[in-house]
Structures are given as C-alpha cells and as structure tokens.
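Participant: next one to model:
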Amino acid sequence: MREEYEFDEANIKGELIPMGEVMDNIDKISKDKQVVIHCRSGKRSATVIGALESQHGFTNLYNLKGGILAYIDEIGL
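Facilitator: Model prediction:
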C-alpha cells in the first residue's frame, strides 16, 4: 500500500500496489497463502485490509505493525 517513492526508500521485495490502485489489482493478492500488507506506518494498510476483508472475503491478510518505519527501526536500516 506504499507509494513508489516510499517503495524506493525501503524495498522488502514485495509487490508494490499503491493504495488507490488496490481494488483494481485484487487478482495480484493471493487468497491461498498468508499475505503481509504494509505501508509506511501501518495505518493505510490496516484500512485496506479492512476493505479487502469486508468487500472481497479475504481471511489471510496481516498488517505489518508500525509499517515499514517500524521494520526499518527493528532491523537497523
């Protein structure tokens, strides 16, 4: 759920789908395995997960707590 400039700052090799394009790219999100959705701070990804669960029946989505900022802080990038 990150924008391209955020993706360039810290890329963890995930699929880049900006928030405004998620609903047009549902087919890129697996329903068969666990999927971690992340954004810069965790707020946008939580919103998107809620929408995907309620509107498209996803049950396998997890939010990266604190987003990429917390991830960077944890691993020391």
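
Participant: how far does stretch 13-20 stretch from start to finish?
Facilitator: 20 Å (C-alpha to C-alpha, to the nearest Å).

Participant: that stretch: which residues count as buried?
Facilitator: I17 (16 or more other C-beta atoms under 10 Å). All C-beta atoms are positioned from the backbone trio N, CA, C, and that covers glycine.

Participant: what bits of the protein have low per-residue confidence?
Facilitator: By pLDDT under 70, the weakly predicted segments of the chain are 1-11, 77.

Participant: which stretches in it count as helices?
Facilitator: Here the chain has its helices, by DSSP state H, at 4-9, 43-56, 67-75.

Participant: switch those helices over to a markdown table; also include distance to M19 and mean neighbour count.
Facilitator: Below are those laid out as a markdown table (distance: least, C-beta to C-beta, whole Å; neighbours: other C-beta atoms under 10 Å):
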| stretch | distance to M19 | mean neighbour count |
| --- | --- | --- |
| helix 4-9 | 11 | 12 |
| helix 43-56 | 5 | 16 |
| helix 67-75 | 12 | 15 |
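
Participant: out of those, which is closest to N25?
Facilitator: Distance to N25, taken as C-beta to C-beta, is lowest for helix 43-56 among those, at 10.9 Å.
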